[in-house]
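> fold the following for me, if possible:
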Amino acid sequence: MIDLNTKTQKLCAWSGLIGVLLFFSAFTFARFIPPPGPWLTQEQVVAMYTDNTTGIRTGMLLMMISSMFISPFVAVISQHLRRMEGVNRLMTYTQLSSGSVGILFFNIPAVLFLITAFRPDRSPELTYLMNDASWIVTVMVWPPAFMQNVSIGVAILQDKSANPIFPRWLGFFQFWVCLLFIPGSFVPFFKSGPFAWNGLLSFWVAGTAFSLWFVVMLTMLLKAINREAAEATR
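Down below sits the predicted model:
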């Protein structure tokens, strides 16, 4: 019989996937898939908020809600990093703090979009400005996720036990994913092309890596949780 701790850990692991699904559902409601490009004119941006005010407000509310499902996911990762590191928990704490800061960037862009959509009849210049701020914060702020992945990768590769909790390839996977976030750094320098906020590298590649990371981590966490439960019953 599965004990309460195992059930709780599994709920925390699955909550990460729920958070990601809500996050991308938010973009669907807001009609931000595909993202409106930074080359749009002031009139086009204002029309976007005027024509879909309710959809944008609903979507951004969903984005805010998605953040609370990421928190348990970050916690259960730390739980298993702690098992790997023992008394030396530097990577555990780094992952926990970076992941916690990262949760803010599910909330901050949502609030900025909500402010923009709150008064779609305001001065067009202000709507244009707020739209820029919202998208730049959404795509550009990658460093917390980068450090979160690095800490997980380092912890996995430092695990020299005979029966490691996570396979070594998962550690290298963390480094591969975090490198794909870096193109978001160039968002302020481009209004078109692969480095724009709706570009191939800054949005689509980074977004795919972001989603894949959650799926892979969920799968590996569930395996680790099941193995921990099996070992506890021996």
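> so after the longest helix seen in the chain, what's the next helix or strand?
Identified as the longest helix of the chain according to DSSP state H is helix 53-85. Using DSSP states H and E, the helix or strand that follows helix 53-85 towards the C-terminus is helix 90-118.
> that next one to helix 53-85, inter-axis angle?
Angle, helix 90-118 to helix 53-85, by axes from the mean of the first three to the mean of the last three C-alpha atoms, to 10 degrees: 180 degrees.
> what average pLDDT does the next helix or strand after helix 90-118 get?
Heading C-terminal from helix 90-118, the first helix or strand you meet, by DSSP H and E, is helix 124-140. Helix 124-140 carries an average pLDDT of 96.
> so which bits of helix 124-140 are buried?
For helix 124-140, a neighbour-count test (16 or more other C-beta atoms under 10 Å) marks 124, 127-128, 130-140 as buried. Bear in mind the C-beta positions are built from the backbone N, C-alpha and C, glycine included.
> the longest helix of the chain to helix 124-140, inter-axis angle?
20 degrees.
> show me what helix 53-85 is packed up against.
Judged by 3 or more C-beta pairs under 8 Å, 6 or more residues apart in numbering; DSSP states H and E, helix 53-85 is in contact with helix 4-29, helix 90-118, helix 143-158, helix 206-232.
> deepest-packed of these, please.
When the helices and strands packed on helix 53-85 are scored by mean count of other C-beta atoms under 10 Å, the highest mean neighbour count falls to helix 143-158 (a mean of 21).
> and the angle for the very next helix or strand once past that helix with helix 143-158?
Remark: after helix 143-158, the chain's next helix or strand is helix 168-179, criterion DSSP H and E. Interaxial angle of helix 168-179 relative to helix 143-158 (the same axes, to 10 degrees): 160 degrees.
> how far out from the middle of the chain is helix 168-179?
16 Å (C-alpha atoms, centre = their mean, to the nearest Å).
> in it, what's buried?
Result for helix 168-179 [16+ other C-beta under 10 Å]: buried residues 170-171, 173-174, 177-178.
> hang on, the earlier thing: out of the helices and strands packed on helix 53-85, which comes closest to L40?
helix 90-118 (13.4 Å; C-beta to C-beta).
> ok, P35 - contacts?
P35 makes contact with 27, 135, 197-198, 203, according to C-beta atoms under 8 Å, 6 or more residues apart in numbering.
> quick revisit: min pLDDT across the buried residues of helix 168-179, which one?
Within the buried residues of helix 168-179, lowest confidence goes to C178 (93).
> surely it meets V154?
No: in this structure, C178 is not within contact of V154 by C-beta atoms under 8 Å, at 11.4 Å.
> show me the contacts for the residue nearest the centre of the chain.
Taking C-alpha atoms, centre = their mean, the centroid of the chain lies closest to F210, which sits 6.1 Å from it. Counting by C-beta under 8 Å, 6+ apart, F210 touches 20, 145, 177, 181.
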